[in-house]
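Novice: predicted model and sequence below, questions to follow.
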Amino acid sequence: MPALTLLVGLAAPMALPAQMPADRFPADMPQQVQARIADLDARCRAAGGRPNPRPYLFIHDYSGDGVPDYLLSEGRYGCTGQEGVFRVVGASVLEIFVTEPDGAAFSAWRSIVAGYRLVQHTPLLVQVVKVGQACGASPLCGYQLRYDAAGRRFDAVPVSGAQAKGAAAPPASGGNRPVIAPAPAAPAPRSQAEMLAECRAERQRAGLPAGDIKQTCGAHWSRIVASRPVARAMIGLLQRAPAALQGVAAAKAALPTVRWAPRNDPPVAPQTIAANGNLGDFHVAIGGGGRIETAAFSWQESGGVGAFEVPAALRAEGLSATRIACGSGGDAFGDSESEMFAVGAPGWPPVALEINRRIPALGGQIGWYNAILRAGPVPTLASLRGANRNADRFEAVQWGPCR
């Protein structure tokens, strides 16, 4: 397919007569679309900016019923004095409102994307670039949006050749391997040049143009750097023997970069270890019965999108991080996303790393990023599914294969 156009600093994705400057919206625009625009205006002003008429609304038939619909690109929103307020690490929200016969509209698709393209067709085709969980083993991938009238939504259909063929098979597991395993010296870290070369090669295979590759790989490296303190703290734990980490003092000594709270609530049986602290912007919590069984590094912010990639940061430190499963839910909102990894190095038994993240749909909602080392054998997709078989998406993560 043609290369997709990135949202960051992008000009209009197509020369269409239906792209509307913000000061020339049609008088009969549905109230639902007007409400979203009013929300963007309010958030721009709250950030200290001033809305300007840069086109970010594209009116065309996307659903195939001949009635104009509304595509809203938050990444193109013009906010004088605070340009880029709705873009985070090269990504932003794209939303499509479908117009109903009575003139009302509903949101049929809303997602964080790294880029998009409008392709001349009847109806107009929308292609998007996504990153992370949606791309399986690949760092980014392309999708085409296809409208499902019965479901009143757009489905994202992988563009041929742009999506990974599937996640790597999970490593064999057996026995009760602890999360803190005996290990030799840490492997040699990989250089920035090496990581960027790998990033460029992956994005070239995905068909991105050279200018976009440079920008996205720069953002990828920034996320690795932001995650490096967490990755190095985890390596400090993984290098210790379990026998040396059977008390709070020993566990704290294994994490010297953490600023520990002076007092903690006593552990609740059967746990005998419990301690909390902070590592930069991350809250750190360790716990277990007789030894460390969990080590959780958690970040959250109102309206924030966590610009972190702990698995990639571990790979930059010389470890492997193989994705086993992907999931969603398991929180009060039911819309967070999760990934399970097997982390290891030559001569190290693999350990389980769970990543949970939530990208808020609206500015006032809570976003989070959690990285959790877990004791026990590295799970399989089947064991993850079996453990949560009878729970709903608000109670437990609903695990499945990575797509």
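Specialist: That came in fine, so what should we check first?
Novice: can you pull out the low-pLDDT segments for this protein?
Specialist: Applying pLDDT under 70 to the chain flags residues 1-24, 88-90, 131-140, 160-186, 241-247, 264-273, 330-335, 361-365, 389-395.
Novice: just checking, what packs against the helix or strand residue 97 falls within?
Specialist: Assessed by DSSP states H and E, residue 97 sits inside strand 92-99. In terms of contacts (3 or more C-beta pairs under 8 Å, 6 or more residues apart in numbering; DSSP states H and E), strand 92-99 is packed against helix 31-46, strand 69-73, strand 105-113. Backbone N, C-alpha and C define where each C-beta goes, glycine included.
Novice: what's the following helix or strand after the longest one?
Specialist: Heading C-terminal from helix 31-46, the first helix or strand you meet, by DSSP H and E, is strand 50-51.
Novice: which helices and strands sit right next to the helix or strand just after that following strand?
Specialist: The element immediately downstream of strand 50-51 (helix or strand, assigned by DSSP H and E) is strand 57-60. If contacts are counted by 3+ C-beta pairs under 8 Å, 6+ apart, strand 57-60 sits against strand 19-20, strand 69-73.
Novice: quick one, which of the helices and strands packed on strand 92-99 is nearest to residue 399?
Specialist: strand 105-113 (20.7 Å; C-beta to C-beta).
Novice: taking their axis directions, the strand holding residue 97 and helix 31-46 sit at what angle?
Specialist: Strand 92-99 and helix 31-46 meet at an angle of 150 degrees, taking axes from the mean of the first three to the mean of the last three C-alpha atoms, to 10 degrees as the criterion.
Novice: starting at the chain centroid, how far to strand 92-99?
Specialist: 19 Å (C-alpha atoms, centre = their mean, to the nearest Å).
Novice: strand partners (parallel or antiparallel) of that strand?
Specialist: Here strand 92-99 has these sheet partners by DSSP bridges: strand 69-73 (antiparallel), strand 105-113 (antiparallel).
Novice: tell me where the stretch 151-300 of the chain has strands.
Specialist: 153-158, 259-260, 273-279, 282-288, 294-302 (DSSP state E, counting those that start in this stretch).
Novice: C-alpha coordinates for the first one, PDB please?
Specialist: In this case it means strand 153-158. Output in PDB follows, covering the C-alpha atoms of strand 153-158 (Å, rounded to 0.1, in the frame of the first residue of the first chain):
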ATOM      1  CA  ARG A 153     -18.700   0.500  14.200                       C
ATOM      2  CA  PHE A 154     -15.600   0.500  12.100                       C
ATOM      3  CA  ASP A 155     -13.400  -2.700  12.200                       C
ATOM      4  CA  ALA A 156      -9.700  -2.400  11.800                       C
ATOM      5  CA  VAL A 157      -8.600  -4.900   9.100                       C
ATOM      6  CA  PRO A 158      -4.800  -5.500   8.800                       C
END
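Novice: picking up where we left off before, among the strands paired with strand 92-99, which is the most enclosed?
Specialist: Among the strands paired with strand 92-99, strand 69-73 has the highest mean neighbour count (mean count of other C-beta atoms under 10 Å), at a mean of 23.
Novice: centre of the chain to that strand, how far?
Specialist: Here the centre of strand 69-73 is set off from its chain's centre by 23 Å, with C-alpha atoms, centre = their mean.
Novice: can you give me the strands in the stretch 301-403 of the chain?
Specialist: Here the stretch 301-403 of the chain has its strands, by DSSP E, counting those that start in this stretch, at 320-329, 337-344, 351-358, 366-374, 397-400.
Novice: which other helices and strands contact the longest helix that the chain contains?
Specialist: Longest helix in the chain, counting residues (DSSP state H): helix 210-238. Packing partners of helix 210-238 (3+ C-beta pairs under 8 Å, 6+ apart): strand 5-6, helix 192-205, strand 273-279, strand 282-288, strand 294-302, helix 310-316, strand 366-374.
Novice: tell me the contacts of residue 224?
Specialist: Contacts for residue 224 (C-beta atoms under 8 Å, 6 or more residues apart in numbering) come out as 195, 309, 312-313, 316.
Novice: name the nearest residue to residue 344, ignoring sequence neighbours.
Specialist: Nearest-residue entry for residue 344: residue 350, 4.0 Å, with adjacent residues in sequence omitted and distances by C-beta to C-beta, 6 or more residues apart in numbering.
Novice: count the neighbours of the one you found for me.
Specialist: As a burial measure, residue 350 scores 23 neighbours (other C-beta atoms under 10 Å).
Novice: from residue 342, how far off is it?
Specialist: Per C-beta to C-beta, to the nearest Å, residue 350 is found 4 Å from residue 342.
Novice: again, but for residue 111
Specialist: 28 Å.
Novice: now swap in residue 69 and tell me
Specialist: Between residue 69 and residue 342 the computed distance is 43 Å (C-beta to C-beta).
Novice: for residue 337, which of the helices and strands packed on helix 210-238 is the nearest?
Specialist: Comparing these by C-beta to C-beta, strand 366-374 comes nearest, at 10.4 Å.
Novice: partners of that closest one, with directions?
Specialist: Strand pairing for strand 366-374, determined by DSSP bridges: strand 294-302 (antiparallel), strand 351-358 (antiparallel).
Novice: would TSV of those strands with distance to residue 337 be doable?
Specialist: Below are those laid out as TSV (distance: least, C-beta to C-beta, whole Å):
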stretch	distance to residue 337
strand 294-302	15
strand 351-358	6
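Novice: nearest to residue 106, of those?
Specialist: Of the strands paired with strand 366-374, the one closest to residue 106 (C-beta to C-beta) turns out to be strand 351-358, at 23.0 Å.
Novice: circling back: so what touches the strand holding residue 97?
Specialist: By C-beta under 8 Å, 6+ apart, strand 92-99 touches 7, 30, 32-33, 36, 62-63, 67-75, 86, 105-113, 116, 126, 128, 145, 147, 152, 154, 361.
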